[in-house]
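Asker: Turn this into a model:
(2 chains)
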There are 2 protein chains.
Amino acid sequence: MGKQTLKVIPLGGLGEIGKNMMALESGRDIIIIDSGVLFPQETMPGVDLVIPDISYLIENKGRIRGIFITHGHEDHTGALPYVLQKLQVPVYASRLAVGLIKLKLKDHKLSYDPKLVEIKSGEQIKSGLFKVTFFPVSHSIPDAMGLAISTPLGLVIHTGDFKIDLTPATGNPTNLGQLAEICRNGTFLLLSDSTYANVPGYTPSENVVSKEMAELIGKANGRVLIATFASLLARIQQIVDTSHKYGKKLSVVGRSMVNNVNLAIDLGYISDPGEVFVPVKELRKYPPEKSVILMTGSQGEPTSALTRIANRAHHDIEITPGDTVVVSSSPIPGNELPVSRVIDNLFRQGAYVLYDKTSTVHVHGHASQEELKLVLNITRPKFFVPVHGEFRHLVAHRELAIAMGVQQDKVFILENGDLLELSNDKGWLGNSVPAGNVYVDGNLLWAHDSNVLKERTMLSRDGIVIVSVSINKHNGAVMSRPRLASVGFIERSNSPELLERAADAVLLDLKSISKNNPLSSGDIESKINKSIGAFLFQETRLRPQIISFPVLT
Amino acid sequence: MGKQTLKVIPLGGLGEIGKNMMALESGRDIIIIDSGVLFPQETMPGVDLVIPDISYLIENKGRIRGIFITHGHEDHTGALPYVLQKLQVPVYASRLAVGLIKLKLKDHKLSYDPKLVEIKSGEQIKSGLFKVTFFPVSHSIPDAMGLAISTPLGLVIHTGDFKIDLTPATGNPTNLGQLAEICRNGTFLLLSDSTYANVPGYTPSENVVSKEMAELIGKANGRVLIATFASLLARIQQIVDTSHKYGKKLSVVGRSMVNNVNLAIDLGYISDPGEVFVPVKELRKYPPEKSVILMTGSQGEPTSALTRIANRAHHDIEITPGDTVVVSSSPIPGNELPVSRVIDNLFRQGAYVLYDKTSTVHVHGHASQEELKLVLNITRPKFFVPVHGEFRHLVAHRELAIAMGVQQDKVFILENGDLLELSNDKGWLGNSVPAGNVYVDGNLLWAHDSNVLKERTMLSRDGIVIVSVSINKHNGAVMSRPRLASVGFIERSNSPELLERAADAVLLDLKSISKNNPLSSGDIESKINKSIGAFLFQETRLRPQIISFPVLT
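Answerer: Okay, the predicted model is just below:
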């Protein structure tokens, strides 16, 4: 190669929503953008969190200059406790993101005190050959940033998660002039958010929700319960302000909502215009029409405040007819059913429920096609890599870029672990690096190809049957009747005799083993498993897992 | 009571989508409307199907006059093999529905030959005190019917699943005049489809899809692969006709698609305008731009043709760049993630994929709010019970009915198992009857409160650890080192010694049992379980199920 190149190595967030992480490499220097988690899907039973595989980064530890965090959401910061344990590098992030990261690190015990650097928009950080400047973007959390990265080959723009909200609820709108100024000489490489690249038009402004919320809080002549994302501070501030305007009191419930609101108040992202906040126990003193409750659970999370309330299992709050409940979010793909169950159970208890299908109580934080085109227009990139999104979103974004004039051979759809190498005028794929899901489960980590998840899925299909039998190791004689137990296989009260009959079947099969030619423990095990499996399948058409313990005595 | 009443007893389909079933009772006579299944959700691991609890019907077997099937979809007919095994009553349905039911019954061995009666629209069946007339409605399957039921208290209208499609792709549009004629003297009770009662406006006509499909089949200069519901015969006929128009050949793949298309051809619901159909093996002789393939899998079902193709696991078909794939359906709630995975994997292989988010390749078959209002207007019911839908849909439909002038105290939101009793001028809830999910798993049936599903869910969280140990029954001495096995708990190669260390821990704990006071097998079991559980939680923060087999020798 000889010549200078820029390497682009996505380690997460491509072909999936979540677990965003990317490495850029120039000469000997590496910088990392984001370190997020993915929330486990139904194919990952029992898993707590999914983090990126960072073995490539661990191998190249000495070359990493820093981690740049675009904003404080979990899918961009949640892996930091694991990443920082392995890589002792500085983290650069906005003030709010630093606050949220500190909150998160409290729950983990790192073996050292990591360096977290608060960065303001416009400030430049020199990281080896890279010079990184943060610029502000609109998103569903304050202080979201894009990155303008000066490299030896030219300017790299990473949008982070963004939308172009020209009338945000609080804060300044996206500064398109500033971005145009940064990119006045064009952009070498654009990395842009693809999450909604298959949606035509513009994403509505947060303003739309603020208006609807203000109206419904104002009009409600009963209690108003609002569930939303704990990081949606602009919306929360609107709820605070509207409550104040109508002389209502606001209580915050749910651990993560309380933590985030407290942090936001401490850091000045949320302000109380006049004793609006009251503890939930005190709220009872106020009439329902003066009561607003803000909580977590808009995704139907099983242990959240809203889900507990919906299931009549919350210790402080129960629904009474006349309550209005606002589910101020859209279900993240995979959460549709739990969210519907929560809404239905709230209706069952007599609440009037407003949700995304029936009311304008949520807009999301990602750019739609027209906004993506605007960014392509302003940045005029030579190379384009769509980031953040499932494969179909990346494809849709590629089409937009090509329609906007980016040369087809300079647009690359990458997957996690791909290594894209760019010279001044062309790009090619090098040897890929390890990437994929690492599953966090309790205090253990599983690799993406771990058998554990396959075994759990199999267990959940037809359950398991366990067999114990004592066998004389000298003559192969069965010393005691086989004992069987099962979990998740059959309702024992329905078929009390089934396992006993299976024991008879094994006994018969074991007796047929030649006494003159005693078998090994392994042979006996496989004989038992086969015998039980065949009997149970014939009886039930189910195929439970079978584990047997022949005890040779 | 003495006075004549009408009893309305939903046994499925209320507060849920699927498993539709309802009983109407007048004097000693009972009729049943539909007998559907629910496809298992993620909270029902390993379950094949969910059917209604019919113990109330079994108890009142002698009073049942017939089962009236509104249309041939699984969620209205799928429980018939189980229901007919218990209740030997005649089934009345349209010609297509009877054909589909016969196809289904072939896979089950009933102990008798059930009486299936083909009914034409307009024909009246006398069933005890009930007189039932079928009337045609538009839906996503041909020959869908509503029921006009004359009862001693007045006319009951059950819409079945419907939309008001005035320009259906094939067949006649919904005959609103006929319905108006039937209801000219008003309606005593309206039971109306609520599935989309929370969606404003009108549901688009199937016509819209026909146009889009015709254009994309016509334009495609590569192969076109189309996945849709096997029962959407109107759409399938459009695909056949368009293929013919452009001189293309059509192959059908996937068991249920092949079965349904063959049945539809036999019964005359689909016709081939001129050798359009060819076997898939023969299709290879034609150039890609002359090839259309119709298949199952639009819901991402794991064993369907489309999913296999997406995973490069289909024995006849593989994607080549230039292929257009049309996913002609919307994901049923709960299927969003598998459908997305299929779409992504097709894109990955270079296909161009059209799906509901990006193209008009599907409309559903249920009425939106304006259509529901039209039916309320035409029928002018005294009593109203919204049917078919989750709780929030029933609430939305109740609001529409009240807005249309139905008296608030004559609208009843019921749940499965409720017993609504109606006199001439009022309604009240009687004692509820057993209702709920019955799970079909292999050849077994579980009750809705079965432990099996809870056990399976627990197993899938942290797996299971099994312990076997021989103990001298006379002095409590441990005769052999405990043997441990695990499934779905840990990656053994990661922690090869963990189970051995757990064995050490048990051994230590067992030695502390007083030798002078030997314990029962149950005591030893619980001692072992506690010991292992505590050790493993401390080491891993996981709580696997633990099963131990102390063998007393």
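
Asker: show me what contacts A:Gly99?
Answerer: Counting by C-beta atoms under 8 Å, 6 or more residues apart in numbering or on different chains, A:Gly99 touches A:Gly72, A:Leu263, A:Asp266, A:Leu267. C-beta: built from backbone N, CA, C; applies to glycine.

Asker: how far does the helix or strand harbouring it sit from the chain's center?
Answerer: Element membership for A:Gly99, per DSSP states H and E: helix A:95-106. For helix A:95-106, the distance from its own C-alpha centre to the chain's C-alpha centre is 17 Å (C-alpha atoms, centre = their mean, to the nearest Å).

Asker: before we move on, what about stretch A:363-378?
Answerer: Mean-position distance between stretch A:363-378 and its chain equals 22 Å (C-alpha atoms, centre = their mean).

Asker: Can you confirm whether that stretch lies near chain B?
Answerer: No - for stretch A:363-378 and chain B, the contact criterion (C-beta under 8 Å from any C-beta of the partner chain) is not met; the two come no nearer than 10.5 Å.

Asker: So which bits of that stretch are buried?
Answerer: Residues of stretch A:363-378 classed as buried: A:363-369, A:371-372, A:374-376, A:378 (neighbour count, 16 or more other C-beta atoms under 10 Å in any protein chain shown).

Asker: Please report phi then psi for the closest residue to A:Pro338 other than its chain neighbours.
Answerer: Spatial nearest neighbour of A:Pro338, chain neighbours left out: A:Gly300 (3.1 Å); criterion: C-beta to C-beta, 6 or more residues apart in numbering or on different chains. Dihedral angles of A:Gly300 (phi, psi; degrees, to the nearest 10) stand at phi 70, psi 20.

Asker: I figured A:Gly300 hits A:Val339, correct?
Answerer: Yes - A:Gly300 sits in contact with A:Val339 when judged by C-beta atoms under 8 Å, with a separation of 4.1 Å.

Asker: still on that earlier bit, between the buried residues of stretch A:363-378, which is closest to chain B?
Answerer: For chain B, the nearest member of these is A:Gln369. The distance, counting by C-beta to the nearest C-beta, is 10.5 Å.

Asker: could you measure that closest one against A:Val395, distance?
Answerer: As defined by C-beta to C-beta, to the nearest Å, A:Gln369 lies at a distance of 13 Å from A:Val395.

Asker: Over to A:Asp509?
Answerer: Taking C-beta to C-beta as the criterion, A:Asp509 is separated from A:Val395 by 55 Å.

Asker: More neighbours: which of these two?
Answerer: In terms of neighbours (other C-beta atoms under 10 Å in any protein chain shown), A:Val395 is the more surrounded of A:Asp509 and A:Val395; the figures are 21 against 16.

Asker: In contact with the more buried one, which residues?
Answerer: By C-beta under 8 Å, 6+ apart, A:Val395 lies in contact with A:Ile413, B:Phe347.

Asker: per-domain residue ranges of chain A.
Answerer: Under the assignment named as automatic domain parsing, the residue ranges that make up the domains of chain A are A:6-201+A:364-446, A:206-354, A:463-552.

Asker: Now tabulate these in JSON lines and tack on distance to B:Leu179 and mean pLDDT.
Answerer: Converted to JSON lines, those look like this (distance: least, C-beta to C-beta, whole Å; pLDDT from 0 to 100):
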{"stretch": "domain A:6-201+A:364-446", "distance to B:Leu179": "38", "mean pLDDT": "96"}
{"stretch": "domain A:206-354", "distance to B:Leu179": "30", "mean pLDDT": "95"}
{"stretch": "domain A:463-552", "distance to B:Leu179": "45", "mean pLDDT": "85"}
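
Asker: Show me what from the stretch 1-150 of chain A comes close to chain B.
Answerer: On the criterion C-beta under 8 Å from any C-beta, chain B has as its neighbours in the stretch 1-150 of chain A the residues A:Gly15, A:Gln41, A:Glu42, A:Pro45, A:Gly46.

Asker: Can you classify the last one by secondary structure?
Answerer: Right, A:Gly46. Secondary structure, DSSP: H, G, I helix; E, B strand; the rest coil: A:Gly46 is coil.

Asker: Quick check: residues of the stretch 251-400 of chain A near chain B?
Answerer: When proximity is defined as C-beta under 8 Å from any C-beta, the stretch 251-400 of chain A approaches chain B at A:333-334, A:336-337, A:340, A:343-345, A:347-348, A:353, A:355, A:357-358, A:390-392, A:395-396.

Asker: make it 10 Å
Answerer: Proximity of the stretch 251-400 of chain A to chain B is assessed by C-beta under 10 Å from any C-beta of the partner chain, with A:331-341, A:343-348, A:352-353, A:355, A:357-358, A:389-396, A:399 identified as the residues in range.

Asker: These, buried ones only, as a PyMOL selection?
Answerer: Isolation of the buried members of these (16+ other C-beta under 10 Å) is achieved in PyMOL through the command below:
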select buried, chain A and resi 331+332+334+335+336+337+338+339+340+341+343+344+345+346+347+348+352+353+355+357+389+390+391+392+393+394+395+396+399
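
Asker: show me what contacts A:Ile332?
Answerer: For A:Ile332, the contact set (C-beta atoms under 10 Å, 6 or more residues apart in numbering or on different chains) comprises A:Ile17, A:Gly18, A:Phe39, A:Asp75, A:Phe229, A:Ser298, A:Gln299, A:Gly300, A:Val339, A:His364, B:Glu336.

Asker: returning to what we had before: anything in contact with each of A:Gly300 and A:Val339?
Answerer: Here A:Gly300 and A:Val339 share the contacting residues A:Ala227, A:Leu306, A:Thr307, A:Val327, A:Ser329, A:Pro331, A:Ile332, scored by C-beta under 10 Å, 6+ apart.

Asker: just the strands in the stretch 1-150 of chain A please.
Answerer: A:6-12, A:21-26, A:29-33, A:49-52, A:64-68, A:91-93, A:116-118, A:124-127, A:130-136, A:145-151 (DSSP state E, counting those that start in this stretch).

Asker: how far off strand A:6-12 does the second one point, in degrees?
Answerer: Just to be clear, that refers to strand A:21-26. Here strand A:21-26 runs at an angle of 170 degrees relative to strand A:6-12 (axes from the mean of the first three to the mean of the last three C-alpha atoms, to 10 degrees).

Asker: Export only the CA atoms of strand A:21-26, formatted as PDB.
Answerer: What follows is strand A:21-26 as a C-alpha-only set of coordinates in PDB (Å, rounded to 0.1, in the frame of the first residue of the first chain):
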ATOM      1  CA  MET A  21     -19.500   1.500  17.700                       C
ATOM      2  CA  MET A  22     -17.000   2.400  15.000                       C
ATOM      3  CA  ALA A  23     -13.200   2.700  14.700                       C
ATOM      4  CA  LEU A  24     -11.400   5.100  12.400                       C
ATOM      5  CA  GLU A  25      -7.800   4.400  11.700                       C
ATOM      6  CA  SER A  26      -5.200   6.700  10.200                       C
END
